[in-house]
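In: Show me how the following folds:
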Amino acid sequence: MPGPISPRHDALDGLSQIIGEGRMLSDVTSDATWQDLAPAERATAQRLITETLRFLGRADYLLTPNLTRQPPLRVMNLLRMATVELMTGGAAHGVVNEAVKLAGRNRKTAPMKGLVNAVLRKITALEPAVWDEAPDTTLPKWLRPRLAKAWSKKAVAQIERAHAVPPPVDISVKSDAQGWAEKLQGTLLPTGSVRLGARGQISALPGFEDGDWWVQDAAAAVPVNLLGDVAKKRVLDICAAPGGKTMQLAAKGADVTALDISETRMARLRENLQRTHLAAHTVVEDALTFEDGFFDAILLDAPCSATGTIRRHPDLPYVKTQTGIDELVALQRALLSRTLQRLKPSGLLVYCTCSLLREEGEDQIKWLVSQYENLEVVTPDVPGIEPDWISSEGGIRLRPDYWPELGGMDGFYMALLRRSGEPSPG
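Out: Have a look, this model is predicted:
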């Protein structure tokens, strides 16, 4: 009779849904079966999924010579998950036995218990160096050629290597970044964010409950810095939830209006504002129809493919496709045009996306300045930005392979623009 279900069982189910059905990890973990898990079990299952997806390329490289043909997806995923566990420090006896038990729980996979046992025994005999030298998980076929054309095949390989490094946790602080870096045993990054050192439950760290800081990738924190001194200025944050940039603006003394189309996401933003004791006007509305006077500065963090966040969300390559990119590009352009109607003369606009695609970044700014005569791209003048990050049209291109010695960053694009007079199509 089967024993109790372990976190590995839920992880295996989740892997098969992500790889086989194209479900997001966030959707998988929202299922009722996951809600019944104890917090520790839930965390373990989610970690197993994330690490297996992150190291899928290496696992397949090690498994392929030991398989005469690829088994059904569920068995293959079981082998992948166990291989990743074994090669990243898992106890051989426990991992192999658990994998065999998992195969036996399903009538379709039970006949392959012997295969699972035999293959994993061979994996346990491998030297650790084999894992370190194995090829990284490659980007999706629809994405890889685009990025190679934009930069180079070498750059793409560097990005894939960066995706294989578990991402650190970055935070933005209200004040005294150096002090918080020391208190949290972290590192003060060149752009002003703090990268945490010690791992642990985020909410249990000093300063979290008091609202002294919030989690925000270092790359995502740069766009607000482009606006410079925003104290007492009226600033609109479009697509604001969950609120990292809103909190940055509020902490700098801006009169912030946070705009988002989702009430659910806005509720999370309000919770974050409450915890950090920061204030902002929150509005749930479509940015394409929003009207509330004019603003000194606007930050548009536009909806995008999110391809810059694959290192944090390794499920994205199995969910996202090139389908819908054209629609996103069209929406971004509509938002940019609408945004200009809410910007005061001489006002500043920051456009940004967490995308690696030029169509959602550099090309959008080139299009925008070609449409409006009274727009100029402003050369960024903020700490920590390296000259090589400045793209030809004047924006900032951040990639996951930057700061390799510090642990990398998310992929991001951003540009600062200034307008004068009323916008008129060029």
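In: CA atoms of stretch 286-297 as CSV?
Out: Only the C-alpha atoms of stretch 286-297 are listed here, as CSV (Å, rounded to 0.1, in the frame of the first residue of the first chain):
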residue,chain,number,x,y,z
ASP,A,286,-7.2,51.2,-17.6
ALA,A,287,-4.3,53.5,-18.4
LEU,A,288,-5.6,54.0,-21.9
THR,A,289,-8.7,55.8,-20.5
PHE,A,290,-7.3,57.3,-17.4
GLU,A,291,-7.6,61.1,-17.0
ASP,A,292,-6.5,63.1,-13.9
GLY,A,293,-4.8,66.2,-15.0
PHE,A,294,-1.1,66.5,-15.9
PHE,A,295,2.0,65.1,-14.2
ASP,A,296,5.6,66.3,-13.7
ALA,A,297,6.9,62.8,-14.4
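In: please renumber so the chain begins at 15
Out: Understood, numbering begins at 15; the last thing we discussed is stretch 300-311.
In: per-domain residue ranges of this protein.
Out: Using automatic domain parsing, the domains assigned to the chain come out as 21-147, 184-433.
In: Put together TSV for the ones you listed, with mean pLDDT on each row.
Out: Below are those laid out as TSV (pLDDT from 0 to 100):
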stretch	mean pLDDT
domain 21-147	94
domain 184-433	95
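In: Would you mind putting the ones you listed into JSON lines with distance to Arg160 and mean neighbour count alongside?
Out: For the C-beta atoms, the positions are set from N, CA and C on the backbone; glycine is no exception. Shown next, in JSON lines, are the domains of the chain (distance: least, C-beta to C-beta, whole Å; neighbours: other C-beta atoms under 10 Å):
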{"stretch": "domain 21-147", "distance to Arg160": "19", "mean neighbour count": "17"}
{"stretch": "domain 184-433", "distance to Arg160": "6", "mean neighbour count": "19"}
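In: so which of those comes closest to Leu153?
Out: Closest of the domains of the chain to Leu153 is domain 184-433, at 6.6 Å (criterion: C-beta to C-beta).
In: before we move on, the earlier item: relative to Leu157, which of the domains of the chain is closest?
Out: Closest to Leu157 of the domains of the chain, according to C-beta to C-beta: domain 184-433, at 6.3 Å.
In: just to revisit the earlier point, distance to Val170 for the domains of the chain - can I get that in JSON lines?
Out: Shown next, in JSON lines, are the domains of the chain (distance: least, C-beta to C-beta, whole Å):
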{"stretch": "domain 21-147", "distance to Val170": "13"}
{"stretch": "domain 184-433", "distance to Val170": "9"}
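In: For Gln172, which of these is the nearest?
Out: Of the domains of the chain, nearest to Gln172 by C-beta to C-beta is domain 184-433, at 3.9 Å.
In: what about the closest one, start to end distance?
Out: End-to-end distance for domain 184-433: 33 Å, by C-alpha to C-alpha, to the nearest Å.
In: which residue is nearest the centroid of the chain?
Out: Thr323 (2.8 Å; C-alpha atoms, centre = their mean).
In: correct me, but that residue touches Lys334?
Out: No - assessed by C-beta atoms under 8 Å, Thr323 is found out of contact with Lys334, at 10.5 Å.
In: Just the strands from the protein, written as ranges.
Out: Here the chain has its strands, by DSSP state E, at 184-187, 201-202, 208-209, 227-229, 248-252, 269-274, 295-298, 309-315, 357-367, 389-391, 410-412, 426-433.
In: and the last one, what does it pack onto?
Out: Other elements packing on strand 426-433 under the criterion 3 or more C-beta pairs under 8 Å, 6 or more residues apart in numbering; DSSP states H and E are helix 232-240, strand 357-367, helix 376-385, strand 389-391, strand 410-412.
In: Just put these in TSV and tack on distance to Gly258.
Out: Listed next are these as TSV, based on distance: least, C-beta to C-beta, whole Å:
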stretch	distance to Gly258
helix 232-240	6
strand 357-367	12
helix 376-385	22
strand 389-391	24
strand 410-412	15
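In: these two touch, right, Ile410 and Glu400?
Out: No - Ile410 lies out of contact with Glu400 (C-beta under 8 Å); the separation is 9.5 Å.
In: shouldn't Ile275 be in contact with Leu302?
Out: No - contact criterion C-beta under 8 Å: Ile275 and Leu302 do not qualify, at 9.1 Å.
In: any residues in contact with both of those two?
Out: Counting by C-beta atoms under 8 Å, 6 or more residues apart in numbering, Ile275 and Leu302 have no contacts in common.
In: Tyr75 and Thr152, how far apart?
Out: Tyr75 is 11 Å from Thr152, where distance means C-beta to C-beta, to the nearest Å.
In: I meant to write Thr123 there.
Out: Distance from Thr123 to Thr152, by C-beta to C-beta: 27 Å.
In: Next: Glu419.
Out: Glu419 sits 24 Å away from Thr152, going by C-beta to C-beta.
In: Ok, Val42 next?
Out: Following C-beta to C-beta, the distance that separates Val42 from Thr152 is 23 Å.
In: Repeat that for Leu354.
Out: Distance, Leu354 to Thr152, by C-beta to C-beta: 39 Å.
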